[in-house]
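Colleague: I'd like to go over a predicted model; first the sequence, then the structure.
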Amino acid sequence: MSQNLQLLGWGIVGTPKGRQQVDDGVNKQSKVSFELSQEFGSCLPSPNQSSNDVLYCLSSKALDKYWQLGLAEYHSIFEQGQTRAGTYFGAYINVINATFGEDNLDKLFAKVRSLSIFQYTRFIDANSRSYKESINGKSIPPQEAELTIIADSLQPLPPNVLKASPKETLFIFCQTEQVVETLKHILTTRLYYQYKQIFFSDSEFISSQMKKKKIDFMSSNELMGLRISVPLYEQRLINEITEKKQVMSELQKTKQNQEIHIKQEVNNRVEEYKQKSQQEIQSYSQRAEQAVQEQKRLAEQLQSAEFLAKLGHTIVNAVANNAEALGKANLAQFADRELEKKVADMQISINMLPAKLAQQQRPAEVSYSTVESNDSGIYRIFTFIFAGTSILFLLMAIWGFFFNDPSKEEIKKSQEYQQLEKQKSESDKEKTKLEEKLNKLEKVEKENETLNKFKQEICQDKKVRDHKSCKEN
């Protein structure tokens, strides 16, 4: 007895009172259903019309760690006590983790038919063409000796190289006496890896009913044409591998182009940022240096202006506080022509003062328009202070010459005193403007700090971290 018998299962199936199945062989341990659904059972002709139309089905299913392949046949029959359509009787043989040998398929069909005949003669009334009793709990006579030839011809199950979810159903219409050849081509092309169940029949009635279903359909001639130089599943595998290689090649090419584009874009942006940063840093450095120099110059001018303003204010206070003493002083030496000469000389000196100050202007200029306008303001302050001081002394001399003794309030009301106060006010305003410039310089320094911080953040990015400009930091 062949050891391959342990891979075989067999049994009968039908609808005595609902769907029933009797199993033997390997199916006693691994339950596999060969029941025919109402959808396809309705494609069988009425039992009153014919007894020769047979519907075959090759089914394949994954069962835990096993793969089963089974051949079944179905005949039309009435249920016990019923006359509704779609009921049937039949038999099956299946194999676990193997496939049927192509050289003994005629014996496989013959054994399935013998199991169907066993059920027909035992449990079906031939006159009424209906079940006369249930098949549940019934036993099948030993079949091991008759199944030995089929067991010995079993072949290893080829690997499921497609790895794709199989479709539900395919129907193949066979020409007369092509049933065995049809199954052989199904096994050769490995269609059982692509469909869960493959129905085939040489009945024109069954074929016409199957065409109405939403399933795949082909003829046996079309099936024969599928077998070319290699099995169908191998040809599909070759096509899929070729297509996959093309897709992978395109993906690789696209990836390389993207990497080149990204790298070039990063380099361009880094170089652009580097140039822009260097220009901004250079501009900020120049502006900062100019601002520092301007700050020093303005500080010196401010110090001089404050000194002269304080000096003028001190003179005014001194005149006001010593008005009485000055009135009593003997100032006759300034009378007549000598006094007029000194006044004229003093007036000439006052008139020449702006020209002398203009010659002392510094050559270094800062690009701020506000600084240039402040220069002339400072010079005007100097001019006013010197002119005011000279006029003040002149007034003091004239005042002493005529022995006037003005009061302190009168001096404050004088035009000269008010002019000095106005000049002092203008000096304070210039000081305020200088402080604003200092604030602007501090803002420039903060902008430099922000720029350096921004550059450090960019250099932390992995894509630009190794760039030359980042390493230089």
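Modeller: Now that the structure is in, tell me what you want to look at. A quick note: this is a predicted structure, and the numbers were derived from the prediction, not measured. Residues are numbered from 1 along each chain as shown.

Colleague: quick one: least confident helix or strand in this structure?
Modeller: One helix or strand of the chain scores below all others by mean pLDDT, DSSP states H and E: helix 369-401, with a mean of 51.

Colleague: so Phe89, which state does it fall into?
Modeller: Secondary structure for Phe89, judged by DSSP: H, G, I helix; E, B strand; the rest coil, is strand.

Colleague: I'd assumed Gly14 was in contact with it.
Modeller: Yes - look at Phe89 against Gly14 with C-beta atoms under 8 Å: they come within range, at 3.7 Å. From N, CA and C alone the C-beta is placed, and that goes for glycine too.

Colleague: remind me which residues of the stretch 101-250 of the chain are low pLDDT?
Modeller: Across the stretch 101-250 of the chain, the ranges flagged by pLDDT under 70 are 161-165, 227-241.

Colleague: which parts of it are strands?
Modeller: Counting by DSSP state E, counting those that start in this stretch, the stretch 101-250 of the chain has strands at residues 124-125, 130-131, 155-156, 167-173, 195-201, 216-219.

Colleague: in stretch 90-109, what's buried?
Modeller: Buried residues in stretch 90-109, counted by 16 or more other C-beta atoms under 10 Å: 90-96, 98-101, 104-105, 107-109.

Colleague: and for stretch 434-444?
Modeller: By neighbour count on 16+ other C-beta under 10 Å, the buried set for stretch 434-444 is Leu434, Lys437, Leu441.

Colleague: looking at those, spot the one nearest Lys31.
Modeller: Nearest to Lys31, judged by C-beta to C-beta, of these is Leu441 at 92.2 Å.

Colleague: what sits against the nearest residue to that closest one once chain neighbours are set aside?
Modeller: What sits nearest to Leu441 in space, not counting adjacent residues and going by C-beta to C-beta, 6 or more residues apart in numbering, is Ala291, at 4.3 Å. Contacts for Ala291 (C-beta atoms under 8 Å, 6 or more residues apart in numbering) come out as Val366, Lys437, Lys440, Leu441, Val444.

Colleague: report the separation between the third one and Thr176.
Modeller: Going from Lys440 to Thr176 by C-beta to C-beta, to the nearest Å gives 105 Å.

Colleague: got it, and the second one?
Modeller: Using C-beta to C-beta, one obtains 111 Å as the distance from Lys437 to Thr176.

Colleague: what does Gln290 give?
Modeller: For Gln290, the distance to Thr176 - C-beta to C-beta - is 108 Å.

Colleague: comparing these two, which shows the higher neighbour count?
Modeller: It is Gln290, of Gln290 and Thr176, that has more neighbours when counted by other C-beta atoms under 10 Å, with 17 against 6.

Colleague: could you look up the SS state of the more buried one?
Modeller: Using three-state DSSP, the structure places Gln290 in helix.

Colleague: give me the pLDDT for it.
Modeller: With respect to pLDDT, Gln290 scores 83.

Colleague: how close does it get to Ile150?
Modeller: Using C-beta to C-beta, Gln290 is found at 104 Å from Ile150.

Colleague: same deal with Glu243?
Modeller: 39 Å.

Colleague: kindly report the same for Leu420.
Modeller: Between Leu420 and Ile150 the computed distance is 132 Å (C-beta to C-beta).

Colleague: between the two, tell me which one has more neighbours.
Modeller: Ile150 (25 against 22).

Colleague: just give the nearest non-adjacent residue to the more buried one, would you?
Modeller: Leaving aside its sequence neighbours, Ile150 sits nearest to Leu108 (C-beta to C-beta, 6+ apart; 5.6 Å).

Colleague: and Glu79, how many neighbours?
Modeller: When neighbours are counted by other C-beta under 10 Å, Glu79 registers 17.

Colleague: that one against Tyr131, yeah?
Modeller: Yes - at 6.1 Å, Glu79 counts as touching Tyr131 under the criterion of C-beta under 8 Å.

Colleague: between those two, what contacts are shared?
Modeller: Shared contacts of Glu79 and Tyr131, counting by C-beta under 8 Å, 6+ apart, come down to Thr15, Pro16, Lys17.

Colleague: got TSV for those, with distance to Ser220, pLDDT and neighbour count too?
Modeller: Compiled in TSV, those are given as follows (distance: C-beta to C-beta, whole Å; pLDDT from 0 to 100; neighbours: other C-beta atoms under 10 Å):
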residue	distance to Ser220	pLDDT	neighbour count
Thr15	29	94	24
Pro16	33	94	22
Lys17	36	90	15
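
Colleague: closest to Arg269 among these?
Modeller: Closest approach between the shared contacts of Glu79 and Tyr131 and Arg269, by C-beta to C-beta: Thr15, at 76.5 Å.

Colleague: hang on, the closest one packs against Ala85?
Modeller: No - using C-beta under 8 Å, Thr15 is not in contact with Ala85, being 11.2 Å away.

Colleague: now render the strands of the stretch 101-250 of the chain as JSON lines, adding distance to Gln252.
Modeller: Shown next, in JSON lines, are those (distance: least, C-beta to C-beta, whole Å):
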{"stretch": "strand 124-125", "distance to Gln252": "65"}
{"stretch": "strand 130-131", "distance to Gln252": "65"}
{"stretch": "strand 155-156", "distance to Gln252": "37"}
{"stretch": "strand 167-173", "distance to Gln252": "32"}
{"stretch": "strand 195-201", "distance to Gln252": "35"}
{"stretch": "strand 216-219", "distance to Gln252": "36"}
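
Colleague: now those as a markdown table including distance to Lys274 and mean neighbour count?
Modeller: Output for the strands of the stretch 101-250 of the chain, formatted as a markdown table (distance: least, C-beta to C-beta, whole Å; neighbours: other C-beta atoms under 10 Å):
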| stretch | distance to Lys274 | mean neighbour count |
| --- | --- | --- |
| strand 124-125 | 94 | 18 |
| strand 130-131 | 92 | 22 |
| strand 155-156 | 68 | 10 |
| strand 167-173 | 61 | 21 |
| strand 195-201 | 65 | 22 |
| strand 216-219 | 65 | 15 |
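
Colleague: between these, which gets nearest to Cys459?
Modeller: Nearest of these (C-beta to C-beta): strand 167-173, 57.5 Å.

Colleague: how about the helices in the stretch 101-250 of the chain?
Modeller: In the stretch 101-250 of the chain, the helices defined using DSSP state H, counting those that start in this stretch lie at 105-123, 144-152, 179-189, 204-210, 220-225, 232-321.
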